[in-house]
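# Let me see the structure of the following:
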Amino acid sequence: MTTATASQNGFYKMLRSIRIPPVYYFLILIFLAGGLLDQVFADGQIFTNPAIMLNIIVRSVALGIVAVGQSLVIIGASIDLSVAYTISITAVMSSYIMVGKRKMFPWRFW
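You can find the predicted model right below:
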């Protein structure tokens, strides 16, 4: 056995030890199917046009904030899942986190 074979065996052993959740395979499949549908029906204009991609991302941010807020409500074992309440709580928590240490504690200089 040579050193090249030993290092290849270690590499393949490492690859087999990595456990990828099946949901990632599903997400890759959805992305590839979206790209295929883009090529067939929109002549590849969606993924290649930065304005359209930016619009999709901007509109997805609000849904992402609501999803994070709903997750926090579910983790906290609360029953109220109203979207307006969840959005307001998430906005308050996000702004509190984004303030940073210097704004929260102005008397400290680190």
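# pLDDT value on F26, please?
Note for F26: predicted pLDDT of 90.
# so who does it touch?
Neighbour list for F26: empty [criterion: Cβ atoms under 8 Å, 6 or more residues apart in numbering]. C-beta coordinates here come from the backbone N, C-alpha and C atoms, glycine included.
# Which helix or strand contains it?
Here F26, judged by DSSP states H and E, is contained in helix 22-41.
# list the buried ones in that helix?
The neighbour-count criterion (16 or more other Cβ atoms under 10 Å) identifies D38 as the buried residues of helix 22-41.
# Distance from that helix to the middle of the chain?
For helix 22-41, the gap between its own C-alpha mean and the chain's C-alpha mean amounts to 16 Å (Cα atoms, centre = their mean, to the nearest Å).
# Check what contacts the helix or strand just after that helix and list those residues.
Later in the chain than helix 22-41, the nearest helix or strand by DSSP H and E is helix 45-48. The set of residues that contact helix 45-48 without belonging to it, under Cβ under 8 Å, 6+ apart, is 35, 38, 52-53.
# If anything else comes up later, I'll come back, but that's it for now.
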